[in-house]
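**Student:** fold the following.
(2 chains, ligands or ions: 1)
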Amino acid sequence: MTNEITPEYKKAVLTVLYQLADDDYLFSYRGSEWLGLAPHIEEDVAFSSITQDTMGHAKLYYTLLEELGEGSADSLAQLRPKEERCNSLLVERPNGEGYYKEAPNYDWGYAVARNYIYTTAKKAKIDALKASSYAPIREVAVKISTELYYHQMHWTTWFTQLCTATEESRSRMMKALQEVIKDAGDLLSFGKSVKHITACELIESEVAIKERWLAIVTPTFEAVEIAIPVLPDPIINGRDGQHTDDLTSAIETMSEVYRSDLAASW
Amino acid sequence: MATTGLHEAHIYEVLDAVKDPEIDTVSIIDLGMIERVQVNDGHIRIEVLPTFSGCPALTIIQQNIKKAVEQLDGVREVSVVFINHPTWTSDRVTEKGREGLKKFGIAPPPRFLKEDGSWHVDCPYCGSTYVTLENIFGPTACRSILYCKSCKNPFEAMKIISTSM
Ligand SMILES: [Zn+2]
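**Tutor:** Got it, this is the predicted structure:
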């Protein structure tokens, strides 16, 4: 590192890392709930592989936090309560009615719409992070980018196909997209610390990221002839620790095994 | 360094015997995972590039490296650290590594992307170019599933990973 880390700079780094880590962690958890339920076996393999990669990305971020003295990567992922989480609302939403072990009534259209919007937003951020002032973030962004390439291709293919296959699939995708966009207000937000984060040049401004995102999704929306959705203002902002009860139950389920024996070595 | 008679070359020799836990025909050197080896008076530091972020074999590889190097005479301490820079890319797989993958029935990673972002591999069994991509995502993070229309075998290929993608 050429630039010295001041406490203020470090605070901004931590804020960015928690947002990135918690987003991928929750996204990965929601993906894992689909295991065995995807429409066909090939998709089950693909979706779980993407989910595994994404958990790896979360681990990269949590490890950077560990190196900054925030505690072990495992405990950061598993033990932080709802108020300390910085993930977006979109990834904490359940997959649908029911529970993955009992009568899961999950909608594949919703999954595809959510995964497509999340993955393209992630791509916009990752590309911007390649120019971050903090070298470890830059390096991780380059690494993640090589894998994200395949994820983006995968969800873009599904999204395009379902939006254009039949009248029914198209109307269900339009409905799913509405649901997803309604929750996507804080997806490209950095929360109340945004000025500090951008002043530290850790990532571009929210406006610039949104432009990147639009450039990524525009060809797809044009191809399927659907108007590019407008991201709403956040209802609640997950970046500032505002969350629904869905996050509480997700954390409880995710960390159940870990909390059962904190001294165990995994 | 001179006091123990231990040299980097010795370490590399040992590392070449540490295999991928899932593909025993390729070593971690073949895969291009070793970035740097430092020997300092019996203290060994090995910098390793993780291949795929979510690969569960990484921790096993880390332990296997440590165990293998600790066997060497004159070694007092071994640290195996994962580093993220440079990023591992599939063109780091060596010629020997590509042969080892084929021996296992896995097509080596394609060397380049086509203009439309797609890529091509030949069948590792019969060498045919008449193959179809069944699933980019395979049974492990690093592999895709393909099918050879010539010898009618399904096979796997190591994905291309490139920073230009
Ligand atoms: Zn063949």
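**Student:** contacts, neighbours, all on C-alpha from now
**Tutor:** Noted.
**Student:** can you tell me the helix or strand for A:Glu179?
**Tutor:** Of the helices and strands defined by DSSP states H and E, A:Glu179 is found in helix A:167-182.
**Student:** an error on my part: the question was meant for A:Glu97.
**Tutor:** Using DSSP H and E, A:Glu97 sits in strand A:96-99.
**Student:** now do B:Thr59
**Tutor:** Element membership of B:Thr59 [criterion: DSSP H and E] is helix B:57-70.
**Student:** before we move on, the earlier item: output the strand holding A:Glu97 as PDB, nothing but the C-alphas.
**Tutor:** Output in PDB follows, covering the C-alpha atoms of strand A:96-99 (Å, rounded to 0.1, in the frame of the first residue of the first chain):
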ATOM      1  CA  GLY A  96     -41.200 -17.800  -1.900                       C
ATOM      2  CA  GLU A  97     -43.800 -19.500   0.200                       C
ATOM      3  CA  GLY A  98     -42.900 -22.500   2.200                       C
ATOM      4  CA  TYR A  99     -39.600 -23.700   3.400                       C
END
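**Student:** starting at the chain centroid, how far to the helix or strand following it?
**Tutor:** As assigned by DSSP H and E, the chain's next helix or strand after strand A:96-99 is strand A:102-106. Using C-alpha atoms, centre = their mean, to the nearest Å, the distance from the centre of strand A:102-106 to the centre of the chain it belongs to is 23 Å.
**Student:** ok, the residue in chain A positioned nearest to the ion to A:Ile197 distance?
**Tutor:** At 21.1 Å from the ion, A:Glu42 is the closest residue in chain A, using C-alpha to the ion. In this structure, A:Glu42 and A:Ile197 are separated by 41 Å, where distance is defined by C-alpha to C-alpha, to the nearest Å.
**Student:** do the same with A:Arg30
**Tutor:** The value you get for A:Arg30 to A:Ile197, if C-alpha to C-alpha is used, is 28 Å.
**Student:** same deal with A:Leu20?
**Tutor:** 13 Å.
**Student:** hang on, the earlier thing: higher neighbour count, A:Arg30 and A:Ile197?
**Tutor:** With neighbours defined as other C-alpha atoms under 10 Å in any protein chain shown, A:Arg30 and A:Ile197 compare such that A:Ile197 has more, 23 against 20.
**Student:** and that one, what element?
**Tutor:** When elements are defined using DSSP H and E, A:Ile197 is found to belong to helix A:194-199.
**Student:** cool, and A:Val112?
**Tutor:** For A:Val112, the host element (DSSP H and E) is helix A:108-129.
**Student:** equivalent analysis for A:Ser48, please.
**Tutor:** helix A:41-67.
**Student:** wait, A:Tyr18 sits on A:Cys86?
**Tutor:** Yes - distance between A:Tyr18 and A:Cys86: 6.1 Å, which falls inside the contact criterion (C-alpha atoms under 8 Å).
**Student:** neighbour count winner among these two?
**Tutor:** When neighbours are counted by other C-alpha under 10 Å, A:Tyr18 and A:Cys86 differ, and A:Cys86 comes out ahead with 25 against 22.
**Student:** what's the helix or strand for the more buried one?
**Tutor:** With DSSP H and E as the criterion, A:Cys86 is inside neither a helix nor a strand.
**Student:** name the nearest residue to it, ignoring sequence neighbours.
**Tutor:** A:Arg239 (4.3 Å; C-alpha to C-alpha, 6 or more residues apart in numbering or on different chains).
**Student:** residue 40: how many residues sit nearby?
**Tutor:** I'll assume chain A. By the other C-alpha under 10 Å criterion, the neighbourhood of A:His40 contains 9 residues.
**Student:** try again with chain B
**Tutor:** Residues near B:Asn40, counting by other C-alpha under 10 Å, number 18.
**Student:** beta partners of it?
**Tutor:** On DSSP bridges, the residues paired with B:Asn40 through beta bridges are B:His43.
**Student:** show me what the helix holding A:Val112 packs onto, helices and strands only.
**Tutor:** Based on contacts counted as 3 or more C-alpha pairs under 8 Å, 6 or more residues apart in numbering or on different chains; DSSP states H and E, the elements that helix A:108-129 packs against are helix A:135-164, helix A:167-182, helix A:206-224.
**Student:** what's the spacing between that helix and its chain's center?
**Tutor:** 7 Å.
**Student:** next, the angle helix A:167-182 makes with it.
**Tutor:** Put simply, helix A:108-129 runs at 50 degrees to helix A:167-182, going by axes from the mean of the first three to the mean of the last three C-alpha atoms, to 10 degrees.
**Student:** got the contact list for helix A:108-129?
**Tutor:** Surrounding helix A:108-129, the residues in contact under the criterion C-alpha atoms under 8 Å, 6 or more residues apart in numbering or on different chains are A:38-39, A:90, A:95, A:137-138, A:141-142, A:144-145, A:148, A:151-152, A:155-156, A:158-159, A:162, A:169, A:172-173, A:176-177, A:179-180, A:187-188, A:202-204, A:209-210, A:212-213, A:216-217.
**Student:** filter those residues by proximity to chain B?
**Tutor:** Residues of the contacts of helix A:108-129 in contact with chain B (C-alpha under 8 Å from any C-alpha of the partner chain): A:Val142, A:Ile144, A:Ser145.
**Student:** mind pulling up the pLDDT for the most centrally placed residue in chain B?
**Tutor:** Of all residues in chain B, the one closest to the mean position by C-alpha atoms, centre = their mean is B:Leu31, 2.4 Å from it. The predicted local distance difference test score for B:Leu31 is 97.
**Student:** residues from chain B in reach of chain A?
**Tutor:** Residues of chain B lying close to chain A by C-alpha under 8 Å from any C-alpha are B:52-55, B:84-88, B:135-141, B:161-163, B:165.
**Student:** mark which of these are buried, thanks.
**Tutor:** B:52-55, B:84-85, B:87-88, B:135-138, B:140-141, B:161-162 (16 or more other C-alpha atoms under 10 Å in any protein chain shown).
**Student:** got the CA positions of the helix or strand that the helix holding B:Thr59 is followed by in CSV?
**Tutor:** Moving toward the C-terminus from helix B:57-70, the next helix or strand (DSSP H and E) is strand B:77-82. Once side chains and other backbone atoms are set aside, the C-alpha atoms of strand B:77-82 remain, and they are given as CSV (Å, rounded to 0.1, in the frame of the first residue of the first chain):
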residue,chain,number,x,y,z
GLU,B,77,8.5,-23.8,10.0
VAL,B,78,6.2,-23.8,7.0
SER,B,79,3.7,-21.1,6.2
VAL,B,80,1.4,-21.6,3.2
VAL,B,81,-0.5,-18.4,2.3
PHE,B,82,-3.1,-17.7,-0.4
